[in-house]
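Visitor: No sequence on hand, only this structure:
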């Protein structure tokens, strides 16, 4: 659905926002794009949508080269980039009607079809009952939902979402995640940009990690979170366990041991046979946070003082 | 897309406020003139103000002359300066373009909506001027002479109501073209900056600079090409016969500004990174 190669964007001579990125989002993916602030995620999304022109490299969006033929692909793409936006003096419905009436397939269908399309989108994001209040009176969460509704208006094949649950409460976030999972099950590909690692962990099947403009990692979440070949053992008889496993113990803190061993069941049998009590025994897996932090530096929003 | 832009235009309270203010000023002047009957000495004050006391039908022209130098360019610059920069700062520009609305299409739609606003404003002032003028000053001596509705032109010849209507239409067209040129300046600046205020003030700065240079003898070489120089050339529509030279020259200069600035706006907007 999205395929880039050698994609580079420079702003002026100093800043390279995106540097030689080859990203690959396949049909049906739930792709999570991660990275610190200023790592180039948004610029990448903007280039994919044809808003920012690349300095170098190629982009293909739904098989169309961008920016040359981006207009052919965009009608099938729903986007929420850097927060929702609308005309503050108009109501949510009027805003959606304006979005619906713009574009090449402007106002497709009769008045009824258009109204139904808008009501459907509002319903999906949980805003079916909004009144005629102007957008400026909306809460952050309502604006966010309206932005999602605008992205969903034309039943897109690809959703590009930047922080889709920003400003939503935990229940609202869960609702949106469920909606996205449902859309994905119906065949919508999702590219999601988020700082909320837990959210990406719950929702995404693949992740890409950006740092200082480069794509430093791109893999399936399952592979990244596969067992590391070590087992974590929690035992009230930690000393006895450490003595028994001695050379295989890589780290110990209190009653917890990290043991180099691929098979927890085997290890368990070994410990129990030796009379060592086991409280907990599990595969060690890297958390997404560890993976991200290991691969990335500080974001550009952290400005440390440089000592001469 | 043009329909969408027109819908946005008419649903913006600011637009109607601008039109209302534009109509309010000539109305105020008419009320003051009608109650005091003190006309400015001929040759001083706004064009036609001395003439309207004897015939209210000339008041639309006077009304246009009142709003033309400052009020009208300000409102046009406000609306046109907001066209692209306003969408950028509200964040709606990226959603429009990702919809997708082609950049050229968007610019054309914006231009059409600016032109629609200009025509709306000028027509509103003209109609208000006619109604207020007739109400305040009546139809003038022509009615008494058995030629109801006749108006004396600046050259002293009588104009029939049909002639007057045609000449007013020409005036509306000429002023609208001048204002669309101001709009084109503001629209171009609006594609350069993400701040509508900057675009509006920039366009007004051009108008003010031009107005400062126009009477300057030292600037005589460039005066014919300044945008404001022949803003008042439409007065020649009310001579008999119509004195076309300045009208034609002024219209060409304005068309030149519109063409060049739209070209610049297009070139800038279609190649620009949208980072707002």
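Guide: Structure's in. What do you need? Note that the structure is a prediction, hence the values are computed from the model and not measured.

Visitor: In the stretch 51-200 of chain B, mark out all the helices, start to finish.
Guide: For the stretch 51-200 of chain B, the helices defined by DSSP state H, counting those that start in this stretch cover B:59-67, B:71-90, B:92-97, B:103-137, B:141-144, B:161-192, B:196-213.

Visitor: what about these, which gets the closest to chain A?
Guide: helix B:92-97 (4.9 Å; CB to the nearest CB). In short, each C-beta sits where N, CA and C put it, glycine included.

Visitor: so does stretch A:46-58 get close to chain B?
Guide: Yes: looking at stretch A:46-58 against chain B by CB under 8 Å from any CB of the partner chain, the contacts come from A:46, A:49, A:50, A:51, A:52, A:53.

Visitor: For residue 125, list the residues it contacts.
Guide: No chain was given, so I picked chain A. Residue A:125 makes contacts with A:145, A:146, A:148, A:149, A:152, A:176, A:179, as judged by CB atoms under 8 Å, 6 or more residues apart in numbering or on different chains.

Visitor: right idea, wrong chain: chain B
Guide: Counting by CB under 8 Å, 6+ apart, residue B:125 touches B:22, B:23, B:26, B:60, B:63, B:64, B:67, B:72.

Visitor: can you check residue A:88 too?
Guide: A:134, A:135, A:136, B:90.

Visitor: Can you get me the start-to-end distance on stretch B:2-22?
Guide: 25 Å (CA to CA, to the nearest Å).

Visitor: Please identify which of the contacts of residue A:125 is nearest to residue A:199.
Guide: Nearest to residue A:199 out of the contacts of residue A:125 is residue A:176 (CB to CB; 9.3 Å).

Visitor: The closest one touches residue A:168, doesn't it?
Guide: Yes: Residue A:176 is in contact with residue A:168 according to CB atoms under 8 Å; the separation is 6.3 Å.

Visitor: who in the stretch 51-200 of chain B is up against chain A?
Guide: So far as CB under 8 Å from any CB goes, the stretch 51-200 of chain B lies against chain A at B:90, B:91, B:92, B:94, B:95, B:96, B:97, B:98, B:99, B:100, B:101, B:102.

Visitor: can you do 10 Å?
Guide: By CB under 10 Å from any CB of the partner chain, the residues of the stretch 51-200 of chain B that approach chain A are B:86-87, B:89-103, B:105-106, B:109.

Visitor: Skip the chain neighbours and tell me the closest residue to the residue of chain A found nearest chain B.
Guide: Among the residues of chain A, residue A:85 lies closest to chain B, at 2.9 Å counting by CB to the nearest CB. Among residues not flanking residue A:85 along the chain, residue B:91 sits closest, at 2.9 Å (CB to CB, 6 or more residues apart in numbering or on different chains).

Visitor: Let me see the contact set for the one you found.
Guide: Residues in contact with residue B:91 (CB atoms under 10 Å, 6 or more residues apart in numbering or on different chains) are A:81, A:82, A:83, A:84, A:85, A:86, A:147, B:276.

Visitor: so what's it scoring on pLDDT?
Guide: Note for residue B:91: predicted pLDDT of 92.

Visitor: What's the separation between it and residue B:197?
Guide: Using CB to CB, to the nearest Å, residue B:91 is found at 17 Å from residue B:197.

Visitor: returning to that earlier point: which of the contacts of residue A:125 fall in helices?
Guide: A:145, A:146, A:148, A:149, A:152, A:176, A:179 (DSSP state H).

Visitor: With pLDDT and neighbour count added, can I get these in a markdown table?
Guide: Output for the ones in helices among the contacts of residue A:125, formatted as a markdown table (pLDDT from 0 to 100; neighbours: other CB atoms under 10 Å in any protein chain shown):
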| residue | pLDDT | neighbour count |
| --- | --- | --- |
| A:145 | 92 | 28 |
| A:146 | 94 | 26 |
| A:148 | 93 | 26 |
| A:149 | 94 | 27 |
| A:152 | 92 | 21 |
| A:176 | 90 | 21 |
| A:179 | 92 | 17 |
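
Visitor: Of these, which is the nearest to residue A:290?
Guide: residue A:176 (25.9 Å).

Visitor: The closest one reaches residue A:151, doesn't it?
Guide: No: contact criterion CB atoms under 10 Å: residue A:176 and residue A:151 do not qualify, at 11.4 Å.

Visitor: joint contacts of those two?
Guide: Common neighbours of residue A:176 and residue A:151 (CB under 10 Å, 6+ apart) are A:125, A:161, A:164.

Visitor: The second one pairs with what?
Guide: So the one you mean is residue A:161. residue A:80, residue A:192 (DSSP bridges).

Visitor: circling back to that earlier point, mutual contacts of residue A:176 and residue A:168, please.
Guide: With CB under 10 Å, 6+ apart, residue A:176 and residue A:168 have common neighbours A:126, A:144, A:145, A:148.

Visitor: Between these, which sits nearest residue A:14?
Guide: residue A:144 (33.7 Å).

Visitor: Roughly how far does that closest one sit from residue A:98?
Guide: In terms of CB to CB, residue A:144 sits 18 Å off from residue A:98.

Visitor: Check residue A:154 too.
Guide: To residue A:98, residue A:154 is 14 Å away according to CB to CB.

Visitor: same check, this time on residue A:275
Guide: Look at residue A:275 and residue A:98: by CB to CB, they are 74 Å apart.

Visitor: now swap in residue A:304 and tell me
Guide: Distance from residue A:304 to residue A:98, by CB to CB: 44 Å.

Visitor: higher neighbour count, the two?
Guide: residue A:98 (21 against 6; other CB atoms under 10 Å in any protein chain shown).

Visitor: Doesn't the more buried one belong to a helix?
Guide: Yes: assessed with DSSP: H, G, I helix; E, B strand; the rest coil, residue A:98 lies in a helix.

Visitor: hang on, isn't it packed against residue B:9?
Guide: No: assessed by CB under 10 Å, residue A:98 is found out of contact with residue B:9, at 11.9 Å.

Visitor: Thanks again, I'm all set now.
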